[in-house]
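K.L.:
model the following, please.
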Amino acid sequence: MIKAGHRDRPAAAEVRRGDGGARTIRLTLLFRAYCHLCDEMLAAVAPLAAAHGAAVDVIDVDAPEHAALEAAWGDAVPVLFAGPPAPERELCRFRLDRARLDDALRIRCGGDA
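P.N.:
Reported below is the predicted structural model:
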């Protein structure tokens, strides 16, 4: 599931139990509407996330409510995180690092990629 916009609630945990007890992960993509690299990363991430039952939160860093994210990450957009935006959760920036994303999905979702 891809969710555009901002988070209404803080992400308390990056890994959650879904229906049937399966572990799921939330990915966060910092994005700009006019950014072709952002479009490319979202197009690449979406099917991989869906295949693992992971949700992707897409946050437009140019929205006024995300000024702090733009200040911290604006030069790195697009940037993908395993969970909410934080340096230690960064998976890749500018271009998808398929190996890092696969590892994150496999480890956190408990399956084989």
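
K.L.:
roughly how far is the longest helix seen in the chain from the heart of the chain?
P.N.:
Longest helix of the chain, by residue count under DSSP state H: helix 36-51. Offset of helix 36-51 from its chain centre (C-alpha atoms, centre = their mean, to the nearest Å): 10 Å.

K.L.:
list the helices and strands it packs on?
P.N.:
Applying 3 or more C-beta pairs under 8 Å, 6 or more residues apart in numbering; DSSP states H and E, one finds that helix 36-51 contacts strand 2-4, strand 23-31, strand 55-60, helix 98-109. For every residue, glycine as well, the C-beta is placed using N, CA and C.

K.L.:
alpha carbons of that helix, as PDB, please.
P.N.:
The C-alpha atoms that make up helix 36-51 are tabulated as PDB, following Å, rounded to 0.1, in the frame of the first residue of the first chain:
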ATOM      1  CA  HIS A  36      12.200  12.600 -12.000                       C
ATOM      2  CA  LEU A  37      14.500  10.600  -9.800                       C
ATOM      3  CA  CYS A  38      11.700  10.500  -7.200                       C
ATOM      4  CA  ASP A  39       9.300   9.100  -9.800                       C
ATOM      5  CA  GLU A  40      11.800   6.500 -10.800                       C
ATOM      6  CA  MET A  41      12.500   5.400  -7.200                       C
ATOM      7  CA  LEU A  42       8.800   5.200  -6.400                       C
ATOM      8  CA  ALA A  43       8.100   3.100  -9.500                       C
ATOM      9  CA  ALA A  44      11.000   0.700  -8.600                       C
ATOM     10  CA  VAL A  45      10.100   0.500  -4.800                       C
ATOM     11  CA  ALA A  46       6.400   0.100  -5.100                       C
ATOM     12  CA  PRO A  47       6.300  -3.500  -6.600                       C
ATOM     13  CA  LEU A  48       9.000  -4.700  -4.400                       C
ATOM     14  CA  ALA A  49       7.300  -3.400  -1.300                       C
ATOM     15  CA  ALA A  50       4.000  -4.800  -2.400                       C
ATOM     16  CA  ALA A  51       5.500  -8.300  -3.000                       C
END
